[in-house]
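**Student:** Okay, here's the prediction I keep looking at, along with the sequence it came from:
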Amino acid sequence: MATETHGAEETGGLVFHPMDQFNIKSLFGDGAISWYTPTNATLWMALTVVAIVLLMVLGTKGRAIVPTRIQSIAEMAYGFVYKMVEDVAGKDAVGFFPYVMTLFMFIVFANFLGLIPMSFTTTSHFAVTVVLAMLVFLTVTIYGFAKNGTKFLGLFWVSSAPLALRPILAIIELISYFVRPVSHSIRLAGNVMAGHAVIKVFAGFAAITVISPVSVVAITAMYGLEILVAFIQAYVFTILTCVYLKDALHPGH
């Protein structure tokens, strides 16, 4: 360890690199990566889809009166998201339930699969979260104008404010609206990435005998926290989607 540390100091680097776990790698060889190259990211996204199908399709295939454990989990997830859509966005947003349910299940499964040792966390990449956030943004915007026409612009006009302040507030509301996909995507990717990086840092210190017990305890605590974060971040992303859908259905202040 002393030799490795000395060598790292000479090169000006670290013995371990917490961010290496987020590198995109080809599944076959070490050549250049193109848009069609199968990578660790595509593999784990595919496994996420397979896991969702196993739970929601095969797990509920029997539809027993006395549900199995898998069927109970699937029904709980269904009821949880349905109630979220109905309570936050309103009953007229239930038509978007399949889309919101798909978003929630993909994010929560991708987060939890990313906690498996030697796996890859797809939601730690902005390339994934930005696409998810932009789909929500475009869906809300297009549907908002399709349903309400120019009345959708009432979302940016704070009619309850003094008349002199309304133009200023309209500019602020407009900016905040277009910032939505940025904050929506960064919140998810940033939280997932930060937690995994911290775990990797603690794991790097586990090889040092003196602080190894402390490192193991820290890793265990962080892992437990990341299990909670994996669900919370999926919930936050989904509930914000419901809030944005409510704006499309009922614009105006």
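**Tutor:** Arrived safely, thanks for sending.
**Student:** any idea which helix or strand carries residue 46?
**Tutor:** Taking DSSP states H and E as the criterion, residue 46 maps to helix 40-53.
**Student:** just the helices in this structure please.
**Tutor:** 2-11, 40-53, 69-89, 97-113, 126-148, 166-205, 212-249 (DSSP state H).
**Student:** shaky segments in this protein?
**Tutor:** Low-confidence segments of the chain, defined by pLDDT under 70: 1-16, 209, 252-253.
**Student:** Just the endpoints, please. Distance across stretch 202-221?
**Tutor:** 11 Å (C-alpha to C-alpha, to the nearest Å).
**Student:** got the buried residues for it?
**Tutor:** 202-203, 205, 215, 218-219 (16 or more other C-beta atoms under 10 Å). In this view, the C-beta of every residue, glycine as well, is placed from N, C-alpha and C.
**Student:** do the same with stretch 160-178
**Tutor:** Buried positions in stretch 160-178, judged by neighbour count with 16+ other C-beta under 10 Å: 166, 169-170, 177.
**Student:** can you put those residues in JSON lines and add distance to residue 79?
**Tutor:** Formatted as JSON lines, these follow (distance: C-beta to C-beta, whole Å):
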{"residue": "166", "distance to residue 79": "41"}
{"residue": "169", "distance to residue 79": "38"}
{"residue": "170", "distance to residue 79": "39"}
{"residue": "177", "distance to residue 79": "31"}
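**Student:** right, and out of the residues you listed, which lies closest to residue 143?
**Tutor:** Nearest to residue 143 out of these is residue 177 (C-beta to C-beta; 14.4 Å).
**Student:** From the buried residues of stretch 160-178, pick the one nearest residue 29.
**Tutor:** Among those, and counting by C-beta to C-beta, the member closest to residue 29 is residue 177, at 44.2 Å.
**Student:** ok, now which ones touch residue 217?
**Tutor:** By C-beta atoms under 8 Å, 6 or more residues apart in numbering, no residues touch residue 217.
**Student:** Going forward, the N-terminal residue is numbered 421.
**Tutor:** Will do, 421 is the new start, and the previous item becomes residue 637.
**Student:** roughly how far apart are it and residue 618?
**Tutor:** Distance, residue 637 to residue 618, using C-beta to C-beta, to the nearest Å: 14 Å.
**Student:** got it, and residue 647?
**Tutor:** For residue 647 relative to residue 618 (C-beta to C-beta), the value is 14 Å.
**Student:** now swap in residue 507 and tell me
**Tutor:** Taken as C-beta to C-beta, the span from residue 507 to residue 618 is 34 Å.
**Student:** Compare those two (neighbour count), which wins?
**Tutor:** Using other C-beta atoms under 10 Å as the criterion, residue 507 and residue 618 rank with residue 618 on top: 16 against 11.
**Student:** since we're on the closest residue to that one other than its chain neighbours, how many residues are nearby?
**Tutor:** Nearest residue to residue 618, sequence neighbours excluded (C-beta to C-beta, 6 or more residues apart in numbering): residue 642, at 5.7 Å. By the measure other C-beta under 10 Å, the count of residues near residue 642 is 19.
**Student:** go on, the one 10 residues further on?
**Tutor:** For residue 652, the number of neighbouring residues by other C-beta under 10 Å comes to 14.
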